[in-house]
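Enquirer: Below is the structure, and that's it, no one-letter string:
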(Lines give C-alpha, C1' and ligand atoms only; values in the text may rest on other atoms or scores of the structure.)
Protein backbone atom coordinates (compact mmCIF):
# COMPACT_ATOMS: atom_id res chain seq x y z
CA UNK A 1 0.00 0.00 0.00
CA UNK A 2 2.77 2.44 0.94
CA UNK A 3 4.66 1.51 -2.22
CA UNK A 4 1.56 2.26 -4.33
CA UNK A 5 1.14 5.66 -2.68
CA UNK A 6 4.83 6.42 -3.20
CA UNK A 7 4.62 5.49 -6.88
CA UNK A 8 1.48 7.60 -7.34
CA UNK A 9 3.09 10.61 -5.63
CA UNK A 10 6.24 10.24 -7.71
CA UNK A 11 4.09 10.21 -10.85
CA UNK A 12 2.21 13.34 -9.81
CA UNK A 13 5.42 15.16 -8.97
CA UNK A 14 6.87 14.08 -12.31
CA UNK A 15 3.86 15.49 -14.15
CA UNK A 16 4.12 18.75 -12.22
CA UNK A 17 7.81 18.96 -13.12
CA UNK A 18 7.02 18.48 -16.80
CA UNK A 19 4.33 21.18 -16.75
CA UNK A 20 6.58 23.70 -15.01
CA UNK A 21 9.47 22.88 -17.36
CA UNK A 22 7.27 23.41 -20.43
CA UNK A 23 6.09 26.73 -19.03
CA UNK A 24 9.66 27.83 -18.26
CA UNK A 25 10.75 27.10 -21.83
CA UNK A 26 7.79 28.96 -23.30
CA UNK A 27 8.60 31.99 -21.11
CA UNK A 28 12.25 31.87 -22.15
CA UNK A 29 11.17 32.40 -25.77
CA UNK A 30 8.85 35.29 -24.87
CA UNK A 31 9.40 38.89 -25.89
CA UNK A 32 10.10 40.12 -22.35
CA UNK A 33 13.81 39.36 -22.73
CA UNK A 34 13.93 42.19 -25.28
CA UNK A 35 12.71 44.79 -22.80
CA UNK A 36 15.25 47.30 -21.51
CA UNK A 37 14.66 46.31 -17.89
CA UNK A 38 15.41 42.62 -18.48
CA UNK A 39 11.82 41.52 -18.20
CA UNK A 40 10.90 43.22 -14.94
CA UNK A 41 7.49 44.78 -15.12
CA UNK A 42 6.57 42.16 -17.71
CA UNK A 43 5.26 38.61 -17.57
CA UNK A 44 8.72 37.05 -17.99
CA UNK A 45 9.21 34.64 -15.10
CA UNK A 46 12.07 32.53 -16.47
CA UNK A 47 14.13 32.73 -13.27
CA UNK A 48 11.12 31.95 -11.11
CA UNK A 49 10.18 29.02 -13.34
CA UNK A 50 13.71 27.60 -13.31
CA UNK A 51 13.73 27.69 -9.51
CA UNK A 52 10.34 26.02 -9.48
CA UNK A 53 11.66 23.19 -11.68
CA UNK A 54 14.70 22.75 -9.42
CA UNK A 55 12.52 22.59 -6.31
CA UNK A 56 10.24 20.02 -7.95
CA UNK A 57 13.32 17.92 -8.79
CA UNK A 58 14.55 18.17 -5.20
CA UNK A 59 11.20 16.94 -3.91
CA UNK A 60 11.14 14.06 -6.38
CA UNK A 61 14.74 13.11 -5.54
CA UNK A 62 13.98 13.22 -1.81
CA UNK A 63 10.97 10.96 -2.28
CA UNK A 64 12.93 8.54 -4.44
CA UNK A 65 15.87 8.37 -2.00
CA UNK A 66 13.63 7.97 1.04
CA UNK A 67 14.70 11.30 2.55
CA UNK A 68 11.08 12.43 2.27
CA UNK A 69 8.06 10.45 3.32
CA UNK A 70 5.09 10.45 0.92
CA UNK A 71 3.24 12.73 3.35
CA UNK A 72 6.13 15.23 3.45
CA UNK A 73 6.39 15.17 -0.35
CA UNK A 74 2.64 15.80 -0.67
CA UNK A 75 2.86 18.83 1.65
CA UNK A 76 5.85 20.20 -0.25
CA UNK A 77 4.04 19.70 -3.55
CA UNK A 78 1.06 21.60 -2.15
CA UNK A 79 3.43 24.46 -1.26
CA UNK A 80 4.72 24.43 -4.86
CA UNK A 81 1.14 24.58 -6.17
CA UNK A 82 0.53 27.60 -3.96
CA UNK A 83 3.55 29.34 -5.52
CA UNK A 84 2.31 28.48 -9.05
CA UNK A 85 -1.11 29.96 -8.22
CA UNK A 86 0.50 33.13 -6.85
CA UNK A 87 2.54 33.41 -10.05
CA UNK A 88 -0.59 32.99 -12.19
CA UNK A 89 -2.35 35.66 -10.14
CA UNK A 90 0.60 38.01 -10.58
CA UNK A 91 0.49 37.45 -14.35
CA UNK A 92 -3.27 37.90 -14.60
CA UNK A 93 -3.11 41.63 -15.33
CA UNK A 94 -0.47 41.18 -18.03
CA UNK A 95 2.51 42.35 -16.01
CA UNK A 96 4.46 41.26 -12.96
CA UNK A 97 5.55 44.19 -10.85
CA UNK A 98 8.81 44.28 -8.92
CA UNK A 99 6.80 43.88 -5.71
CA UNK A 100 5.04 40.76 -7.04
CA UNK A 101 8.38 39.38 -8.25
CA UNK A 102 9.95 39.93 -4.80
CA UNK A 103 6.98 38.17 -3.19
CA UNK A 104 7.36 35.17 -5.51
CA UNK A 105 11.10 35.00 -4.79
CA UNK A 106 10.41 35.13 -1.06
CA UNK A 107 7.86 32.32 -1.39
CA UNK A 108 10.43 30.26 -3.26
CA UNK A 109 13.09 31.00 -0.63
CA UNK A 110 10.72 29.75 2.06
CA UNK A 111 9.85 26.65 0.03
CA UNK A 112 13.54 25.91 -0.54
CA UNK A 113 14.21 26.14 3.19
CA UNK A 114 11.26 23.85 3.92
CA UNK A 115 12.47 21.27 1.38
CA UNK A 116 15.94 21.24 2.94
CA UNK A 117 14.53 20.97 6.45
CA UNK A 118 12.19 18.10 5.53
CA UNK A 119 14.89 16.22 3.62
CA UNK A 120 17.20 16.32 6.62
CA UNK A 121 14.78 15.76 9.50
CA UNK A 122 15.76 12.09 9.91
CA UNK A 123 12.29 10.82 8.97
CA UNK A 124 12.62 7.95 6.57
CA UNK A 125 10.26 5.61 4.81
CA UNK A 126 10.15 2.38 6.79
CA UNK A 127 11.34 -0.45 4.57
CA UNK A 128 9.40 -3.71 4.56
CA UNK A 129 12.41 -5.94 5.38
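Expert: Okay, I see it. Note that the structure is predicted; figures quoted are calculated from it, not measured. Numbering: from 1, shown residues only.

Enquirer: excluding its backbone neighbours, what's nearest residue 90?
Expert: Take residue 90 and drop its neighbours on the chain: the residue closest to it by CB to CB, 6 or more residues apart in numbering is residue 100, 4.0 Å away. Glycine gets a C-beta too; all of them are placed from N, C-alpha and C.

Enquirer: Hmm, the one you found is touching residue 93, no?
Expert: No - using CB atoms under 8 Å as the test, residue 100 is too far from residue 93 to be in contact (9.5 Å).

Enquirer: and those two? which has more neighbours close in?
Expert: Shown here are residue 100 and residue 93; by other CB atoms under 10 Å, residue 100 has more neighbours (18 against 10).

Enquirer: so how far is residue 87 from that one?
Expert: Distance, residue 100 to residue 87, using CB to CB, to the nearest Å: 9 Å.

Enquirer: just residue 113 next, same as before
Expert: Spatial separation of residue 113 from residue 87 under the definition CB to CB is 19 Å.

Enquirer: Looking at those two, which has the bigger crowd around it?
Expert: Shown here are residue 113 and residue 87; by other CB under 10 Å, residue 87 has more neighbours (24 against 10).

Enquirer: Please identify which helix or strand holds that one.
Expert: helix 70-91 (DSSP states H and E).

Enquirer: Point out the other helices and strands that that helix packs with.
Expert: Other elements packing on helix 70-91 under the criterion 3 or more CB pairs under 8 Å, 6 or more residues apart in numbering; DSSP states H and E are helix 2-28, helix 46-65, helix 98-119.

Enquirer: can you pull the buried residues of it?
Expert: 70, 72-74, 76-77, 79-80, 83-84, 86-87, 90-91 (16 or more other CB atoms under 10 Å).

Enquirer: between that helix and helix 46-65, how big is the angle?
Expert: Interaxial angle, helix 70-91 versus helix 46-65 (axes from the mean of the first three to the mean of the last three CA atoms, to 10 degrees): 170 degrees.
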